[in-house]
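Participant: Here's a sequence, model it:
(4 chains)
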There are 2 protein chains.
Amino acid sequence: MVIVQERMIGQRPGGRSSRVLAAIHTAVGELVGAGVDRITFPVIAERAGVNPTTLYRRWNDVNALLEEVTVGALTRDGEAAPDVGTLEGDLAAWADAIVTDIARPERARYLRAMVGARTELVSHCAVTDRRREQARDVIDRAHDRGEAAPTEGQVIDHLISPLYYRVIFALPVDEEYGHRLVRDVLAMIRG
Amino acid sequence: MVIVQERMIGQRPGGRSSRVLAAIHTAVGELVGAGVDRITFPVIAERAGVNPTTLYRRWNDVNALLEEVTVGALTRDGEAAPDVGTLEGDLAAWADAIVTDIARPERARYLRAMVGARTELVSHCAVTDRRREQARDVIDRAHDRGEAAPTEGQVIDHLISPLYYRVIFALPVDEEYGHRLVRDVLAMIRG
DNA sequence: TGGGAAAGCCAATATTTTTGCGTTAGTGAC
DNA sequence: GTCACTAACGCAAAAATATTGGCTTTCCCA
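Facilitator: Predicted structure coming up:
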């Protein structure tokens, strides 16, 4: 006589598992920050003091792990888009912040790894979701001041997309370029 | 007595080398087209009837080979941007062509692999250079007709970039989206 | 033709990935 | 508390992939 006990089969968030996960995330961050070129599971595992098998079991490949770390880091630091007082000023200052952020070599490494991890269509991109919220803020402030403003989609398509596109294809990005994009977006809403 | 003979030390375009190269390119194309998920050097080598070492010697990694194949394919099919008779019509038809092109799963696979291959800054992106030429054509035709037209850079930044951005991040793309981008670009030059 | 080197192949080695299975340690039930 | 259950980790062996040294083929040019 066997009684199959019905129980909540769930994850295990506490204790050792979380410690291991934290160690792995930290290790990845250190390696990427140090500019290590060959980031493999064995390398990460050694630095985290963990068995490589654990990594292979939990993630399909290195890119998937890098994506997870990236998303975690991006959702954690929730700085708001700068508030300068005008739409053009807000957009320009925000573009500057984005440029200095994504022009960092390790951020580029993360982004490219993320792209490699994608295999099938998704409805939204976690990495740029934060950007979407920030765009929302800037636009709302403009509306409150009675200024005409682009839509959220327009900001994503014509400011965020070109910037990320360039970083991903390893093309140079600077503040002047960001400002040009801002001018284009503003011209768009006057058209 | 040794005489170091000064000779053109160059590549070797003919004979076996070119046959091997062609076989490799073909093999990659077939594998990508067939949707094979794990494309490794041994797999490619077997299909091409070549020793894997040849691949390791010639390319640093699979992504580098995929990039080469991609660039070759893109520069080969040199269809011109459609000529409808108006700037808006040209841009819309061109956007449609791009959407149907890059929405294909194997193209997305190529693009993502390319991105993974990039490690250091480059001055231009071979894959989108063809797009730049096409943009140039559309803009020149508009100018010839006396129409106001965006700059080449604007077309790249606000039409090409958002489209590729979406494909790379595995976000859905359709013709309606392309048309929205075209409308934004046109609004921009009126602003 | 024939010298010289580019490009291939083969074989040995290193590294990474995969898999089966024993062990550790969170978690809920009592 | 302690017990049963099992998710998650570790270990070790095997498979696959990547790397490297040295030899052979075959283009290319004189």
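
Participant: C-alpha from now on. contacts and neighbour counts both.
Facilitator: Will do.

Participant: which residues of chain A fall in strands?
Facilitator: Taking DSSP state E, chain A contains no strands at all.

Participant: Could you list the residues of it in contact with DNA strand D?
Facilitator: A:5, A:9-13, A:16-18, A:20-21, A:49-54, A:58 (CA under 7 Å from any atom of the strand).

Participant: What is the burial count for the closest residue in space to A:V50 that isn't next to it in sequence?
Facilitator: Spatial nearest neighbour of A:V50, excluding adjacent residues (CA to CA, 6 or more residues apart in numbering or on different chains): A:V20 at 7.2 Å. Neighbour count for A:V20, taken as other CA atoms under 10 Å in any protein chain shown: 17.

Participant: before we move on, what about A:Y165?
Facilitator: Neighbours around A:Y165, by other CA under 10 Å: 20.

Participant: again, but for A:R104
Facilitator: Neighbours of A:R104 (other CA under 10 Å): 12.

Participant: Which ones among the residues of chain A next to DNA strand D also lie next to DNA strand C?
Facilitator: Within those, those near DNA strand C by CA under 7 Å from any atom of the strand are A:12-13, A:16-17, A:52-53.

Participant: got a winner among the residues you listed for most neighbours?
Facilitator: Neighbour max across those (other CA under 10 Å) = A:P52, 16 neighbours.

Participant: separation between that residue and chain B?
Facilitator: Counting by CA to the nearest CA, to the nearest Å, the separation of A:P52 from chain B is 21 Å.

Participant: Also A:V32?
Facilitator: According to CA to the nearest CA, A:V32 and chain B sit 13 Å apart.

Participant: That residue: what's it in contact with?
Facilitator: A:39, A:106, A:109-110 (CA atoms under 8 Å, 6 or more residues apart in numbering or on different chains).

Participant: if I pick the most centrally placed residue in chain A, what's in contact with it?
Facilitator: For chain A, the residue lying nearest the average C-alpha position, counting by CA atoms, centre = their mean, turns out to be A:V127 (3.0 Å). A:V127 makes contact with A:70-71, A:74, according to CA under 8 Å, 6+ apart.

Participant: try 7 Å
Facilitator: A:71, A:74 (CA atoms under 7 Å, 6 or more residues apart in numbering or on different chains).

Participant: Does the helix or strand of chain A with the lowest mean pLDDT reach DNA strand C?
Facilitator: None of the helices or strands of chain A scores lower by mean pLDDT, DSSP states H and E than helix A:105-117, at a mean of 79. No. Using CA under 7 Å from any atom of the strand, helix A:105-117 stays clear of DNA strand C, with a minimum separation of 13.0 Å.
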